[in-house]
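# Task: produce atomic coordinates for the following.
(one chain, ligands or ions: 1)
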Amino acid sequence: MRALLAPLLLAWCATVCAVTTVPVASGFAAPTDVVAAHDGSGRLFVAEQGGRIWVVAGGVRRATPFADLGALTAASGERGLLGVAFHPDFRDNGRLFVDYTRRSDGATVIAELRVGSDASRVDVATERVLLVVPQPFENHNGGALRFGPDRLLYIGMGDGGSGGDPGNRAQDTHQLLGKILRIDVDGGEPYGIPAGNPFADGRDGRAEIFALGVRNPWRLSFDRATGDLYIADVGQDAWEEVDRLPAGTGAGANLGWRAMEGLHCTGLSSPVPCNAPSLVMPILEYSHAEGCSITGGFVYRGTAVPALAGRYVYADYCAGFIRSAAVVPGSRPSVRTLAAAGSKISTFGEDESGELYVADQGSGTLSRLAAASDDGVDAIEYYDAGLDHYVVTSLAAEIHALDGHAQQGWQRTGERFGAYADARPGFDPVCRFYIPPALGDSHFLSASAAECADVRGRFPAFVEESPTRLAVALPDVASGACPTGTTPVYRIWNARADSNHRYVTDPALRDAMIARGGIPEGYGPAGVAFCAPG
Ligand SMILES: [Ca+2]
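Numbers count the residues shown, from 1 in each chain. Predicted structure coming up:
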């Protein structure tokens, strides 16, 4: 049976994973960062390892660089201009921040630059150095710079290099290497220490430290809907990992290196032992059988690629794959390899509207992630304990809002089913009704045109939300069987005054709900409501 199922699952992935890339601009020499200024200009800024920052506007790369730090920067191997971050109020104050390797001694410099009267370029003479971190070896310089939703600047610092963190620096709270740092660029001279930093008073560690135990965090990002911090930490010989620190948490978090690489013990000595309960474990990892160096990306919060809604997108520099992962606490992460790939993907960027870009060091190209015409989507189930209600949605904007807790306290349940984003041969469009609170405050999905017409006729108070951009297959009317390659989805009504429906693929969950008084609503002997691709 397993042998029969495998090709079907692959067939679904070939459709749901068919995200593609569209080249935007080319000719970049070793791009290291792609950032937006969030000033309403729509510009993207592409940093190069050698020290230049280019502007891409309206899909066109400007002829002259926005900034050129080449005279300041050592650029070889893992050294160079590695990170750029615009102040949250850049439009008003013209301030931006850079992370680069200093030409004179290889130290990491965090510096501020300012745009003058000419908004199209930055004079490097405006440089104000905030922080200098000496580097004992040339590799593992980290380099990610991002402002959090708390308007504080987060800095990814590598462990200082060599191999195996010979100085045990990542676990040494009195060193800045092997840490995620957090400073307040508006609160002091040259910067302030946020009161919430774990060693803010400097007694038990350096005040700039936010989290510790990282090896070479190559890109960190904040989920713009939830505020969660994602850190991709490049592994040594065996495991690449992604860590997540939920919004408002993470101060003092110990991410484990060098006691651990991913979920595995390194055998190296450490003040904190492997698998200590105090360590924060990665949310996902992959082995060097699959790649060799993770390039961290973003949780996708755009609308152009519905198949990626709410999924963390990342890549491997060596293998060239681009993957996405949905991580629900208590569930195994759902990881998909996208059809889009590159040669040496060095960084991702997010524009002002949440669309994602990927920079390929092999081709020097900046590309945008885009939906392929045959993309599938996930219909994702959420539950609100306060309302005791379930809702399922495949719409990117709704997924972002529910993930961001914009309304009530919705949480993902881990239940999902596949669907197509648009009508296609062999699949039927889904109608979705919203049942007003007085009548139950629920959503009702049907792929049956006859049932949709019946609901419209009998329940004029139901609000029809369309177009849903969702298509699934109908089971055979007589047998209730689903077409080959699709998964039965059961619709269960809770049979209560506060009417609610759930759409589940797990027969055991269906049976448990029926045992609690739920009413199955479907076709044929098995009560299948519709059939999801995959
Ligand atoms: Ca770790």
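# Just say helix, strand or coil for the nearest residue to Gly524 once chain neighbours are set aside.
Closest residue in space to Gly524, ignoring its immediate chain neighbours: Gly480 at 1.6 Å, by Cβ to Cβ, 6 or more residues apart in numbering. C-beta coordinates here come from the backbone N, C-alpha and C atoms, glycine included. Classification of Gly480 using DSSP: H, G, I helix; E, B strand; the rest coil returns coil.
# Check the burial of Gly480 by counting its neighbours.
17 (other Cβ atoms under 10 Å).
# How about Asp105: what's its closest non-neighbour residue?
Asp105 sits nearest to Pro134 (Cβ to Cβ, 6+ apart), 7.3 Å away.
# Kindly report the same for Pro436.
Ala461 (6.1 Å).
# pretty sure that neighbour is in contact with Phe433, am I right?
No: Ala461 is beyond contact range of Phe433, at 9.8 Å (criterion: Cβ atoms under 8 Å).
# Tell me the helices and strands packed up against the longest strand seen in the chain.
The longest strand of the chain (DSSP state E) is strand 410-420. Identification of packing neighbours for strand 410-420 by 3 or more Cβ pairs under 8 Å, 6 or more residues apart in numbering; DSSP states H and E yields helix 2-16, strand 376-384, strand 389-393, helix 396-403, strand 471-472, strand 486-493, strand 501-504, strand 530-533.
# contacting residues around the helix or strand just after it?
Following strand 410-420 in sequence order, the next helix or strand is strand 428-429 (DSSP states H and E). Strand 428-429 has contacts (Cβ atoms under 8 Å, 6 or more residues apart in numbering) with 423, 447-449, 467-468, 470-474, 530.
# Could you identify the buried members of those residues?
Using 16 or more other Cβ atoms under 10 Å as the burial test, the contacts of strand 428-429 include 447-448, 468, 470-474, 530 as buried.
# Lowest pLDDT pick from those residues?
Across the buried ones among the contacts of strand 428-429, the bottom pLDDT score, 59, is held by Thr468.
# just to revisit the earlier point, which among the buried ones among the contacts of strand 428-429 gets closest to the ion?
Nearest to the ion among the buried ones among the contacts of strand 428-429, counting by Cβ to the ion, is Leu470 at 38.1 Å.
# doesn't Ala423 make contact with that closest one?
No: between Leu470 and Ala423 there is no contact, the gap being 9.2 Å when judged by Cβ under 8 Å.
# returning to what we had before: compare the helices and strands packed on strand 410-420 and give me the one nearest Phe97.
Of all the helices and strands packed on strand 410-420, it is helix 396-403 that lies closest to Phe97, at 27.1 Å by Cβ to Cβ.
# buried residues in that closest one?
396, 398-400, 402-403.
# same question for that helix, mean pLDDT?
92.
# could I have that helix exported to CSV, CA atoms only?
C-alpha atoms of helix 396-403 as CSV (Å, rounded to 0.1, in the frame of the first residue of the first chain):
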residue,chain,number,x,y,z
ALA,A,396,-3.3,34.1,2.4
ALA,A,397,-4.7,37.3,3.9
GLU,A,398,-6.8,35.4,6.4
ILE,A,399,-3.9,33.0,7.2
HIS,A,400,-1.7,36.0,8.0
ALA,A,401,-4.4,37.6,10.2
LEU,A,402,-5.2,34.4,12.1
ASP,A,403,-1.5,33.6,12.6
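# Show me the contact partners of that helix.
Helix 396-403 has contacts (Cβ under 8 Å, 6+ apart) with 223, 225-226, 301-303, 305-306, 309-310, 354, 380, 382, 391, 393, 407, 410, 412.
# Kindly reformat the helices and strands packed on strand 410-420 as JSON lines containing distance to the ion.
Shown next, in JSON lines, are the helices and strands packed on strand 410-420 (distance: least, Cβ to the ion, whole Å):
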{"stretch": "helix 2-16", "distance to the ion": "28"}
{"stretch": "strand 376-384", "distance to the ion": "28"}
{"stretch": "strand 389-393", "distance to the ion": "33"}
{"stretch": "helix 396-403", "distance to the ion": "24"}
{"stretch": "strand 471-472", "distance to the ion": "40"}
{"stretch": "strand 486-493", "distance to the ion": "35"}
{"stretch": "strand 501-504", "distance to the ion": "35"}
{"stretch": "strand 530-533", "distance to the ion": "35"}
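# got these as a markdown table, with distance to Arg258 columns?
What follows is the helices and strands packed on strand 410-420, written out as a markdown table (distance: least, Cβ to Cβ, whole Å):
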| stretch | distance to Arg258 |
| --- | --- |
| helix 2-16 | 36 |
| strand 376-384 | 37 |
| strand 389-393 | 42 |
| helix 396-403 | 33 |
| strand 471-472 | 48 |
| strand 486-493 | 43 |
| strand 501-504 | 43 |
| strand 530-533 | 44 |
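# Just give me the lowest mean pLDDT stretch among the ones you listed.
Looking at the helices and strands packed on strand 410-420, the weakest mean confidence is helix 2-16, a mean of 42.
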